[in-house]
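[1] Sharing a model prediction with you, sequence too.
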Amino acid sequence: MIDIVTVNWNSGTQLKECIDSVLDHDKGELSSIIVVDNGSTDDSVATVEGLPGVEVIHTGENLGFGAACNIGAKAGQSPYILFLNPDTRLEADSISVPLAFMERPENGKVGICGIQLVDEQGRVSRTCARYPTLGRLVSSALGLDKLPGLTGSGIHMADWGHGEITRVDHVMGAFYLIRRRAFEVVGGFDERFFVYLEDVDLSKGANEAGWPTWYLTEAQAFHAGGGTSRQVKAHRLFYSLRSRLLYAFKHFPRWQAWLLLVVTNVIEPFTRSAWCLLRGDVTGVKHTWAAYRMLWRAMGHILRGEGRYNP
């Protein structure tokens, strides 16, 4: 049995479409559907309240993705938890295939499982990732992973077609099936990551505890991508940069973390601006510098490894 946890923040019609797809394709595997509403100001959560098997938890404020996921996980008891973004829609075998894979005796130590996610055009998205390293994060910071021949130099596995079943470092948190035992061994999501990299951090912790991650191709789900973070571009970049530095100071040797901090704060604002200008995106330049102003104000909190921070 599976508990599905969906974190909602102003998801509009996407939330109802997601939950409808879950209910439409339930083959008896579901124990509960838990929607954690992170202080939404639209009427999205009202569209799912009262639906069969759906429990809504109101946080009253935006606690961040990881914290809300932890709340939702604690509300269930099933041996598996599926963290599912509201901008996803399940298909007939989206749950049954990965659950059957996890239930096979030879896969008893597989901790996390993901499936193919497809976009509006039906294309398989490159959703798997490698664990961040200094080199991979610097490549992304400088935009090198955008260059032909260097698309695999960042953390995202953009150089791999996602056409084979294989063990990977990480599968995207939009569809993130994890054994409850593995989730509890790791201690759930690190709530210092407001959004971004909290799922990679969890995958790394689970793998180090003996619970690896696998990616399956026998099942698919639709994923719009970007989610509600599309609404707040400068804040989205700020939280991405903040999470990157938190991750580095948590997992990297100190000198590497400090080197990444210098690259992020001193060089990257200009490389990001240059890439925006090459695309003719003047608004993107404005968003970039707005995000960096928030980052610089938050730097003391980051260096102290403090929790949730609202710019």
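    Cool, got the structure. Residues are numbered from 1 along each chain as shown.
[2] Could you use CA atoms for every contact and neighbour count after this?
    Will do.
[3] ok, which stretches of the chain are strands?
    Counting by DSSP state E, the chain has strands at residues 2-8, 30-37, 54-58, 80-84, 88-90, 112-118, 166-168, 175-179, 213-223.
[4] So which of the ones you listed is nearest Ala141?
    Set against Ala141 and scored by Cα to Cα, the strands of the chain come closest in strand 166-168, at 22.9 Å.
[5] That closest one packs against which elements?
    If you count contacts as 3 or more Cα pairs under 8 Å, 6 or more residues apart in numbering; DSSP states H and E, strand 166-168 packs onto strand 213-223.
[6] if you set the cut-off to 10 Å instead, what comes out?
    The contact analysis (3 or more Cα pairs under 10 Å, 6 or more residues apart in numbering; DSSP states H and E) places strand 166-168 against strand 112-118, strand 213-223.
[7] Buried residues of the longest helix seen in the chain, list them for me.
    Longest helix in the chain by number of residues (criterion: DSSP state H): helix 282-303. Within helix 282-303, the residues scored as buried using 16 or more other Cα atoms under 10 Å are 284-285, 287-292, 294-295, 298, 301-302.
[8] same thing with stretch 62-81?
    Neighbour counts over stretch 62-81 (16+ other Cα under 10 Å) mark 62-73, 75-76, 78, 80-81 as buried.
[9] just so I have it, where are all the helices in the stretch 51-200 of the chain?
    For the stretch 51-200 of the chain, the helices defined by DSSP state H, counting those that start in this stretch occupy 65-74, 96-103, 134-142, 180-186, 198-208.
[10] hmm, back to that, if we compare the strands of the chain, which one ends up closest to Ser240?
    Across the strands of the chain, Ser240 has its closest neighbour in strand 2-8 (18.1 Å, Cα to Cα).
[11] Adjacent strands (with direction) for that closest one?
    Partners of strand 2-8 in the sheet, by DSSP bridges, are strand 30-37 (parallel), strand 80-84 (parallel).
[12] Could you export those as a markdown table, including distance to Ala141 and mean pLDDT?
    Shown next, in a markdown table, are the strands paired with strand 2-8 (distance: least, Cα to Cα, whole Å; pLDDT from 0 to 100):
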| stretch | distance to Ala141 | mean pLDDT |
| --- | --- | --- |
| strand 30-37 | 32 | 97 |
| strand 80-84 | 28 | 98 |
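[13] so which of the helices and strands packed on strand 166-168 is the most packed in?
    Most buried of these by mean neighbour count (mean count of other Cα atoms under 10 Å) is strand 112-118; its value is a mean of 26.
[14] where does that one sit relative to the chain's centre, distance-wise?
    12 Å (Cα atoms, centre = their mean, to the nearest Å).
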